[in-house]
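Chemist: just coords:
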Ligand code: MLT
């Protein structure tokens with residue numbers, strides 16, 4: 001009886017609105033990716049997918065919320081590389097980054113940009129580096145908390161230049177961008193999904209992108225590799241999850257809707273305008289996300305331990 005009840009539930013799914021938890025504040029890069037994907041998946045599933053922003057602690061508050069949610073297909077979770085760095089950074093997580101979730105699929109790898117307030121006194125990366133080193137006591141760096149992509153990029157940046165700076169944490173780089181635009185904070189490393197329009201409108205300065213090659217969306221912006229930080233590459237991968245125990249037929253339905261969304265011309269064009277692109281079909285699948293998440297947890301663990309960065 002119980003088995004047939006699950007089968008009936010899965011076959012009828014979805015019969016009501018779905019909630020997609022985003023573990024950062026509204027208006028930031030994760031929120032931007034989520035709203036694009038949710039809109040398109042909702043069209044395919046013929047059910048609305050609403051976004052709920054549950055920020056804090058670098059994305060781990062939102063992750064914990066999803067891990068405790070009912071595995072019925074009506075709570076989803078969109079998170080980025082932070083899902084793989086949290087196990088090394090947080091010693092008292094209330095969930096397991098792999099075992100508390102059902103992976104649905106990878107979504108996109110977003111480049112990052114090193115950006116500063118409009119009147120930051122440096123015209124290029126070399127001048128920026130010189131200014132930071134000469135004023136390290138007063139320069140401020142914004143991020144979205146321990147475990148966020150902006151924190152990870154900042155940690156790698158400060159290690160690369162051998163200088164620790166004052167960091168100002170936010171619930172997301174959406175709010176951080178507001179302070180950068182207002183000049184209340186000096187610079188940050190943030191994703192092109194959040195910085196492209198501000199860079200193109202001249203409201204913030206950009207010193208480089210964190211990709212191997214320059215971006216088609218911003219061909220005049222040098223890579224940090226060519227600007228003076230050899231080998232400095234960071235890409236923010238994003239994945240979609242459901243709580244552990246969500247029935248396989250529902251996970252498969254969601255994976256199919258995700259693959260359709262990533263072929264949606266509206267999603268593809270918007271991603272391109274924002275400096276990124278959808279992953280290949282073969283990666284928008286549960287087994288691809290599971291394998292990638294595990295390899296990333298294994299990769300970042302030793303780097304984080306060596307950096308001596310963690311939260312109790
Ligand atoms: C956001 O969506 O606010 C960002 O992804 C935060 C971060 O990870 O830097």
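Modeler: Received, thanks. Note that the structure is predicted; figures quoted are calculated from it, not measured.

Chemist: residues from the chain in reach of the ligand?
Modeler: Taking Cβ under 6 Å from any ligand atom as the contact definition, the chain meets the ligand at 24-25, 28-31, 80, 82, 144, 148-150, 172-174. C-beta: built from backbone N, CA, C; applies to glycine.

Chemist: what's the longest helix along the chain packed up against?
Modeler: In the chain, ranked by residue count with DSSP state H as the criterion, the top helix is helix 286-307. Packing contacts for helix 286-307, counted by 3 or more Cβ pairs under 8 Å, 6 or more residues apart in numbering; DSSP states H and E, involve helix 82-89, strand 101-117, strand 235-243.

Chemist: could these be laid out in TSV, adding mean pLDDT and mean neighbour count?
Modeler: What follows is these, written out as TSV (pLDDT from 0 to 100; neighbours: other Cβ atoms under 10 Å):
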stretch	mean pLDDT	mean neighbour count
helix 82-89	96	25
strand 101-117	98	25
strand 235-243	98	25
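
Chemist: just the buried ones from the residues of the chain next to the ligand, in PyMOL syntax?
Modeler: Applied in PyMOL, the following selects the buried portion of the residues of the chain next to the ligand according to 16 or more other Cβ atoms under 10 Å:
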select buried, resi 24+25+28+29+30+31+80+82+144+148+149+150+172+173+174
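
Chemist: which of the residues of the chain next to the ligand fall within strands?
Modeler: residue 80 (DSSP state E).

Chemist: identify the farthest-apart pair in the residues of the chain next to the ligand.
Modeler: 82 and 174 (15.2 Å; Cβ to Cβ).

Chemist: who touches residue 282 in this structure?
Modeler: residue 288 (Cβ atoms under 8 Å, 6 or more residues apart in numbering).

Chemist: same question for residue 224.
Modeler: Residue 224 touches 114, 125, 207-210, 232, counting by Cβ under 8 Å, 6+ apart.

Chemist: apart from its chain neighbours, what residue comes closest to it?
Modeler: residue 208 (3.7 Å; Cβ to Cβ, 6 or more residues apart in numbering).

Chemist: for the stretch 51-200 of the chain, which segments count as helices?
Modeler: Under the criterion DSSP state H, counting those that start in this stretch, the stretch 51-200 of the chain contains helices at 60-67, 82-89, 125-134, 149-161, 173-182, 192-200.

Chemist: can you turn the buried part of the contacts of residue 224 into a PyMOL selection?
Modeler: Buried subset of these, written as a PyMOL selection, criterion 16+ other Cβ under 10 Å:
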select buried, resi 114+125+207+208+209+210+232
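
Chemist: which non-adjacent residue is nearest residue 175?
Modeler: residue 25 (5.4 Å).

Chemist: relative to residue 41, how far out is residue 264?
Modeler: 9 Å (Cβ to Cβ, to the nearest Å).

Chemist: show me which of those two is the more surrounded one.
Modeler: Counted by other Cβ atoms under 10 Å, residue 264 and residue 41 do not tie: residue 41 has more neighbours, with 26 against 19.

Chemist: surely that one meets residue 259?
Modeler: No - with contacts defined as Cβ atoms under 8 Å, residue 41 does not count as touching residue 259, sitting 9.8 Å away.

Chemist: quick one: the closest residue to residue 60 other than its chain neighbours from residue 149, how far?
Modeler: Nearest residue to residue 60, sequence neighbours excluded (Cβ to Cβ, 6+ apart): residue 86, at 5.2 Å. According to Cβ to Cβ, residue 86 and residue 149 sit 12 Å apart.
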